[in-house]
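S.K.: Next input, structure requested:
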Amino acid sequence: MTESSAVQNPAPPPKTLQRRLVVEVVEARSLLPKDGQGGSSPYVVAEFDSQKKRTSTRFRDLNPVWNEALEFVVSDPENMELEELEVEVFNDKKFCSGNVRKDHFLGRVKLYGSQFLKRGEEGLVYYQLEKKSVFSWIKGEIGLRIYYFDEPVEELRPPIIVAEAAKVSDVAEMAKDYSGGPVNLQHEGSHSPPVVSIEKSPSSAPVVHLHPEVIPAAMASPIPTTVQQYPPPETRKMQAPAPRPKLERVRVPKRPSADFAPKEIPNQNRRFSSEAERIHPYDLVEPIQYLFVRIVKTRGLSHNDNPYVKVRTTGHFVRSKPAAHRPGVPPDSPEWHQVFALGLHSKLDTASSTLEISVWNSPSEVFLGGVCFDLSDVPIRDPPDSPLAPQWYRLEGVEHRCISGDIQLSVWIGTQADDAFPEAWSSDAPYVAHTRSKVYQSPKLWYLRVAVIEAQDLQISQNPPPLMTPEVLVKAQLGFQTARTRRGTMGSHTPSFKWNEDLLFVAGEPLENSLILTVEDRTTSKEPLLFGHLVIPVGSIQERIDERHVPAKWFPLEGGNGTYCGRLYLRLCLEGGYHVLDEAAHVCSDFRPTAKQLWKPAVGILELGILGARGLLPMKAKGGPGKGSTDAYCVAKYGKKWIRTRTITDCFNPRWNEQYTWQVYDPCTVLTVGVFDNWRMFGGGGGLPEEDLPDCRIGKIHIRVSTLESNKVYTSSYPLLILSGTGLKKMGEIELAIRFACPSLMPDTCGVYGRPLLPRMHYLQPLGVAQQEALRGAATRLVVAWLMRADPPLGPEVVRYMMDADSHAWSMRRTKTNWFRIVAVLAWAVGLARWLDDVRWWRNTATTVLVHILYLVLVWYPDLIVPTGFLYVFLIGVWHYRFRPRIPAGMDTRLSRAEMVEPDDLDEEFDTIPSSRQPDVVRARYDRLRMLAARFQAVLGDFATQGERVQALVSWRDPRATKLFIGACLAVTVVLYVVPPKMVAVALGFYYLRHPMFRDQMPPTSVNFFRRLPSLSDRLM
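M.R.: Next up, the predicted model:
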């Protein structure tokens, strides 16, 4: 083999995955005509990851259909959710009439990678075309189908090809001499094989052609590179400086009691265990040091039956679980794989303490060996450091015993930010099964729409009851949800029944349930006659994310023995364009639709640091009489994410110091934080199931995210209040640190306030109020059942309390609260009326004179009225800035009327349904409710009377009154035609503000005339 034909054959190339994004441009609807002839010739340009592609042009078509796929290469799949896809529609200038310089813009759509779905899960979505600027005139929508997939590609290892007997080393040396220094001839990301070619010039001197993009990396000189650290993907888009605010004490005015008002925690009171200036990942909470001990396994252990491990320090003593033996492993090598987290309360714990780890035999309590550590030599691990690798240590013992074997373990000092902490056995939470901190996710909920249209071929009785029409209806059932249609209308020529009625249900993923439909005949008062039934798996129903039409289908009905009993015409779909309401409306934490491809990008990140609680009351008896304990844990909910802190047992001042984050898609949402006493950890033993030990409420607070300033840390203490049948009680205080990290006053953040609160389908096909409440109750039950199946479970009492599921129940206290809220809203109007009355009656002469002057100026220059009004509102807002709330508000006892509520009102509020009180008590409450309803009835009648009097002005119900009114209207018309309007306005204003010496104490003529007009109240029975 000659040297000129030598080829270096590499190893088989490995395969890597390359992600590709496909944008299928299907069609567009209702585009604007831009060619000057009433049409447009549109084409689409899509840009993604610095790649731009376009479709073909559709000539003179306002509803074009392309069905073209544009494919893009995703360079960074891990951060694809942060990439932006921009789809723009243009009118091709080549087909326009006249001299057109550029293509006309017809609209655009911006999408983010978080809205893309994998291949097979995508759907056709119609997006409204958006404007490019404020002055753009855009309409129409475009239908896109977007998905991505990963395909394996071979990573080519470039072979080295040498031609014309030239050596690679000679070429590299020539390149070095030519450039005057080392040259990096390798381009990152190149897949082409390196080729070095040499040509013979006429003078027979070899000419070297270098191809820098294809030279192997071994030939390139190293160039130092700088590695840039990127933040996590969810925070890259919203990096913003978050300086620590200067925290000051704030006195909250108009509070009934200082104990019930939230207080700001000064920064100097926060004690950190480390005096060194280190940046911890948990910057909102106090880092608490723990001693972590990971016990893995042993080998070569002495003869034993069931070994276990003891871990002992100066202040802690714990015992591991029983050892496990894997099949095929010698019995002297048991395994544990258990982590312990022992709290270190001071530096003295590490400076003067030792750690003893010993192995014992369980039945006989025989010592099998141990290891000792000096805590001052234990390494400190701070995330994002990798986990500490376990090592083998020789077991040692007393001299007169034969000790053998090794133990594999690792010991380090870390904080609660350590990734091993959530699953570790913690010294302040010994009941591991029910005391660990956990993160839960609510199930993905869908609205299931069942449109019952028609039924045919039903086997109706040949001898129906006389003068009676068959009362046939359809009953649908999904799990615990049941709904019925109205009575169907029977066809005149065919034995068919029609309903054309929609039934809505709530379905939760995984869609494992089945929809059961039965057709019943309820003509007689006896048991309904069943015509047939139908079972449809929910997972087979088509999903819909917009208002597009879903075709209906015929489904056969089956009888008891599987025979054909008719057929049912149904239209079924899972509605993905709605947001399934599962929370009370005033504490809703999420408004996103079910379909992920309709989600907008996040506008910020909400960070919550749960510091601890203080002064909790005892919730359970302990030991002897007069002693109690509290095992508190905290639950926070925002969006679909629930978090639960660890339970700190037997402590009235627990310190959790745990931090969690949520992505914020809409700042006009509410974060809910609650504290509970753990009773379930005592269940499952002594014959007591967990369901019989529900957790007790300690209190909760609501914090609206929109009330938080951007990138500011709020460290506050909130009272935990419980309202029960005995009255209001303060259970303690909870300390929180909150930060809303988002770009302040950026277009993405401010644009949220201009978007609809609910998804688009709620306005195109709205749901009724009663229907929403019924679906909300069903959704709450599904969430409760889902979280109950977690480990540890979130009990139904916790979930319903956090979601305010009982807020719709009747309460006299809430009724009074809402009334006084309305009074407070209208207080400014009442104050303005009183001020005008004071001006009118000249109680302050100087003010009245100034009002006269201002009125003259506004009448003479009416163009100043609107600007003056807006200027006044602006000044009011600036003036109120100094009185703005400095900390997020908690529960307001004065607004809730919780301190001044009557005991009977509380007893009625917490009564069950049906009532469990005595009949005389229920009768008294019913009579009181009737009296209240009578007052409300009188108010409604007064409103109706005033409206009917207005209608009576021109209805000739009272002929003399109508003649006087239309005559006065004619006179006013003549006066306004003759007299200048400014003079009329001045005369009316001065007449209204005339001095009291020219006034009469009796009502004016106009009021007397209006009160004499007839209403329809005299016709009521």
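S.K.: backbone phi and psi for Arg949, please?
M.R.: phi -70, psi -40 (degrees, to the nearest 10).
S.K.: Regarding the residue lying closest to Pro601 once chain neighbours are set aside, what are the backbone dihedral angles?
M.R.: Once flanking residues are discounted, Pro601 sits nearest to Tyr112: 4.6 Å by CB to CB, 6 or more residues apart in numbering. Glycine gets a C-beta too; all of them are placed from N, C-alpha and C. Main-chain torsions, Tyr112, degrees, to the nearest 10: phi -120, psi 160.
S.K.: and Tyr112, how far is that from Phe48?
M.R.: Distance, Tyr112 to Phe48, using CB to CB, to the nearest Å: 11 Å.
S.K.: neighbour-wise, which of these two wins?
M.R.: Phe48 (22 against 17; other CB atoms under 10 Å).
S.K.: List the contacts of that one.
M.R.: By CB atoms under 8 Å, 6 or more residues apart in numbering, the contact set of Phe48 is 21, 23, 72, 83-86.
S.K.: all strands for the stretch 901-1021 of the chain, in order.
M.R.: Counting by DSSP state E, counting those that start in this stretch, the stretch 901-1021 of the chain forms no strands at all.
S.K.: on that earlier part again, now the common contact residues for Tyr112 and Phe48.
M.R.: With CB under 8 Å, 6+ apart as the test, Tyr112 and Phe48 both reach 83-85.
S.K.: where's Pro363 relative to Leu395, distance?
M.R.: Distance, Pro363 to Leu395, by CB to CB: 19 Å.
S.K.: Among those two, which residue is more densely surrounded?
M.R.: Neighbour comparison, Pro363 and Leu395: the larger count goes to Leu395, with 22 against 8 (by other CB under 10 Å).
S.K.: For that one, which residues are in contact?
M.R.: By CB under 8 Å, 6+ apart, the neighbours of Leu395 are 298, 301, 359, 368-371, 403-407.
S.K.: excluding its backbone neighbours, what's nearest it?
M.R.: Counting by CB to CB, 6+ apart, the residue nearest Leu395 is Gly369, at 2.8 Å.
S.K.: Confirm the one you found sits in a strand?
M.R.: Yes - Gly369: assigned to a strand according to DSSP: H, G, I helix; E, B strand; the rest coil.
S.K.: what's the distance between it and Ile295?
M.R.: Separation of Gly369 from Ile295 (CB to CB): 13 Å.
S.K.: Which neighbours do those two have in common?
M.R.: Residues touching both Gly369 and Ile295 by CB under 8 Å, 6+ apart: Ile407.
S.K.: Need the distance between the two termini of stretch 292-306.
M.R.: Taking CA to CA, to the nearest Å as the measure, stretch 292-306 stretches 24 Å from start to finish.
S.K.: Then stretch 317-325?
M.R.: Stretch 317-325 has an end-to-end distance of 25 Å (CA to CA).
S.K.: Tell me how far Gly727 lies from Met900.
M.R.: Using CB to CB, one gets 10 Å for the distance from Gly727 to Met900.
S.K.: Give me the below-cutoff pLDDT ranges for the stretch 1-150 of the chain.
M.R.: 1-15, 98-99, 134-135 (pLDDT under 70).
S.K.: how about the shared contacts of Tyr112 and Phe48 in CSV, adding secondary structure, distance to Leu32 and neighbour count?
M.R.: What follows is the shared contacts of Tyr112 and Phe48, written out as CSV (DSSP: H, G, I helix; E, B strand; the rest coil; distance: CB to CB, whole Å; neighbours: other CB atoms under 10 Å):
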residue, secondary structure, distance to Leu32, neighbour count
Glu83, coil, 29, 20
Glu84, strand, 24, 13
Leu85, strand, 23, 20
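S.K.: ok, of those, which one's closest to Thr313?
M.R.: Glu83 (50.6 Å; CB to CB).
S.K.: got the contact list for the closest one?
M.R.: 48-49, 74, 76, 112-113 are the contacts of Glu83 under CB under 8 Å, 6+ apart.
S.K.: Tell me the one among those residues nearest to Asp863.
M.R.: Tyr112 (45.9 Å).
S.K.: beta partners of that closest one?
M.R.: Using DSSP bridges, the bridge partners assigned to Tyr112 are Glu84.
S.K.: Likewise for Val535?
M.R.: Going by DSSP bridges, Val535 is paired in beta bridges with Ile516.
S.K.: Per-residue pLDDT of it, please?
M.R.: Val535 carries a pLDDT value of 93.
S.K.: Pick out the residue closest to the middle of this protein.
M.R.: Geometric centre of the chain, nearest residue: Gly639, 2.6 Å, by CA atoms, centre = their mean.
S.K.: and it, what does it touch?
M.R.: Per CB under 8 Å, 6+ apart, neighbours of Gly639: 589-590, 592, 662-663, 665, 669.
S.K.: List buried members of those residues by neighbour count.
M.R.: 589-590, 592, 662-663, 665, 669 (16 or more other CB atoms under 10 Å).
S.K.: so where is the stretch 701-850 of the chain shaky, pLDDT-wise?
M.R.: 744-746.
S.K.: Please, where are all the helices along it?
M.R.: Ranges of helices in the stretch 701-850 of the chain, per DSSP state H, counting those that start in this stretch, are 747-751, 761-764, 769-788, 796-802, 812-825, 827-840, 845-860.
S.K.: Now do Glu899: how many residues are near it, please.
M.R.: Other residues near Glu899 number 13, with proximity taken as other CB under 10 Å.
S.K.: how much space between it and Asn304?
M.R.: For Glu899, the distance to Asn304 (CB to CB) stands at 65 Å.
S.K.: Many thanks, have a good one.
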